[in-house]
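Q: Okay, predicted coordinates and the sequence, questions at the end:
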Amino acid sequence: MATSIHMPHCRATAVVLLAALGVFWTAAGNPAAGADSVRTAVQTGTPRRVIAADSSRQTLAAIAADGSVEWKRPNGAIHDLHLLPNGNLLLQDGWTRILEVDADGKPVWEYDAQGGDNAGRPVEVHAFERLPDGATMIVESGPARILEVGRDGKVRKSIPLVVKNPAVHSDTRNVRPTAAGTYLVAHERDGAVREYDATGKVIWEYDVPLFGKEPKPGHGPEAFGNQVYSAVRLANGNTLIGTGNGHGVLEVTPGKEIVWRIDQHDLPGITLAWVTQVRRLANGNTQLINCHAGPDNPQIIEVTPAKQVVWTFKDFETFGDSLPVAVILDP
């Protein structure tokens, strides 16, 4: 299956067909392709093709299964990334500019959050997703709201968010719609995951625990906190959470019981730092992105329910220590 790390199953089938045809962001189709043929990535387990972005290197790139760079392009700050069913990429280039880019690297749709009623006031975007009807969900930190934006760029819906500790850079991180029509919002600064209905009412809330530890500022392995990055609703009704500087992953029931957990040093030979995006695979395995962990550690990891590491990805030549997002193309 070819999918972004959070892509719902309802759209995955279309992407599988695209993968089989080889039509999305191929080396032949991208003007920046062929610039690098050196193998920069190291993978353990079954090799995969990976599209990822790194803020420290200001780079968005595709890495082939053999570890070579297929293409790369300059890119600004980024906290979300999606491969669309039509083979285009939905990405951001800086904190306010959202782009849909075709296989030739050409923007075919764009939205700038600094326009409209945000003109003159602070705003950042850390989450977005293409909805099944073609509109795009865009989540704004600062104004603290979820927008649904049509292809014409017009806002068709605005849903207010509850933010207890406002901060333009960290009101929110990733946000995902659920199959029930609700929204799971990772509120980084609040250290909480909140589920909102279509009117903005909070219908479920989970405070990410500190597990009796004292918070320590920072992003690396030495830091600690509950600055949550992502949350995705699983088919069993539980919620899978990437805990940010909590250095791990939690699976939480609707009753807020932790039924599965990966902690900072649970994986032999690997130290977790800022855990960003998380994904549960159809086979029960979990993929997670390990950001700010340093070059001794993989940037992307896949583990079994028993926490056995079955795949890792590391590329500190193309990317740096700030790789928070990836599209992982299954073999």
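A: Sure thing, it's come through. Everything numeric here is computed off the predicted structure, so don't read it as measured data.
Q: Return stretch 276-287 as CSV; C-alpha atoms alone will do.
A: Taking C-alpha atoms only, stretch 276-287 is exported to CSV below (Å, rounded to 0.1, in the frame of the first residue of the first chain):
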residue,chain,number,x,y,z
THR,A,276,5.9,13.2,15.6
GLN,A,277,3.6,11.4,13.1
VAL,A,278,2.4,7.9,13.9
ARG,A,279,0.5,5.3,11.8
ARG,A,280,-1.0,1.9,12.5
LEU,A,281,-0.6,-0.5,9.6
ALA,A,282,-3.1,-3.1,8.4
ASN,A,283,-0.8,-5.9,9.8
GLY,A,284,-0.9,-4.3,13.2
ASN,A,285,2.6,-2.8,13.1
THR,A,286,3.1,0.8,14.0
GLN,A,287,5.3,3.4,12.2
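Q: just checking, residue 280 touches residue 239?
A: No: counting by CB atoms under 8 Å, residue 280 does not reach residue 239; the two are 10.4 Å apart. Where C-beta positions appear, they are placed from N, C-alpha and C, glycine not excepted.
Q: what do these two both touch?
A: residue 232 (CB atoms under 8 Å, 6 or more residues apart in numbering).
Q: partners of the host helix or strand of residue 290, with directions?
A: Using DSSP states H and E, residue 290 maps to strand 286-291. Using DSSP bridges, strand 286-291 pairs in its sheet with strand 274-280 (antiparallel), strand 300-303 (antiparallel).
Q: Tally up the residues packed near residue 271, please.
A: By the measure other CB atoms under 10 Å, the count of residues near residue 271 is 15.
Q: Next, work out how far apart the closest residue to it other than its chain neighbours and residue 292 are.
A: Among residues not flanking residue 271 along the chain, residue 221 sits closest, at 5.0 Å (CB to CB, 6 or more residues apart in numbering). Distance, residue 221 to residue 292, using CB to CB, to the nearest Å: 8 Å.
Q: Who has more neighbours out of these two?
A: It is residue 292, of residue 221 and residue 292, that has more neighbours when counted by other CB under 10 Å, with 24 against 20.
Q: got a list of what that one touches?
A: Taking CB under 8 Å, 6+ apart as the test, what residue 292 contacts is 219, 220, 221, 273, 274, 321, 322.
Q: cutoff 6 Å now
A: With contact taken as CB atoms under 6 Å, 6 or more residues apart in numbering, residue 292 is in contact with 219, 220, 273, 274, 321.
Q: cool, and residue 47?
A: Residue 47 touches residue 65, counting by CB under 6 Å, 6+ apart.
Q: Likewise for residue 187?
A: Applying CB under 6 Å, 6+ apart, the residues near residue 187 are residue 172.
Q: cutoff 10 Å now
A: The contact partners of residue 187, taken as CB atoms under 10 Å, 6 or more residues apart in numbering, are 141, 144, 161-165, 170-173, 175, 193-194, 205, 207-208, 227-228, 231.
Q: before we move on, back to that, what's the overlap in contacts for residue 221 and residue 292?
A: 245, 272, 273, 274.
Q: didn't the residue nearest to residue 271 look like it was pressed against residue 293?
A: Yes: using CB atoms under 10 Å, residue 221 is in contact with residue 293, at 6.1 Å.
Q: list the residues that contact both of those two?
A: Common neighbours of residue 221 and residue 293 (CB under 10 Å, 6+ apart) are 247, 264, 271, 272, 273, 274.
Q: of the residues you listed, closest to residue 189?
A: residue 274 (14.4 Å; CB to CB).
Q: The closest one bridge partners, please.
A: Beta-bridge partners of residue 274, as defined by DSSP bridges: residue 291.
Q: Strands along the stretch 151-300 of the chain, start to end?
A: Taking DSSP state E, counting those that start in this stretch as the test, the strands found in the stretch 151-300 of the chain are 155-160, 175-177, 183-187, 192-196, 202-207, 230-233, 239-242, 249-252, 258-262, 274-280, 286-291, 300-303.
Q: Throw those into JSON lines and include distance to residue 42, thanks.
A: Output for those, formatted as JSON lines (distance: least, CB to CB, whole Å):
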{"stretch": "strand 155-160", "distance to residue 42": "42"}
{"stretch": "strand 175-177", "distance to residue 42": "30"}
{"stretch": "strand 183-187", "distance to residue 42": "30"}
{"stretch": "strand 192-196", "distance to residue 42": "33"}
{"stretch": "strand 202-207", "distance to residue 42": "35"}
{"stretch": "strand 230-233", "distance to residue 42": "25"}
{"stretch": "strand 239-242", "distance to residue 42": "23"}
{"stretch": "strand 249-252", "distance to residue 42": "23"}
{"stretch": "strand 258-262", "distance to residue 42": "22"}
{"stretch": "strand 274-280", "distance to residue 42": "20"}
{"stretch": "strand 286-291", "distance to residue 42": "14"}
{"stretch": "strand 300-303", "distance to residue 42": "11"}
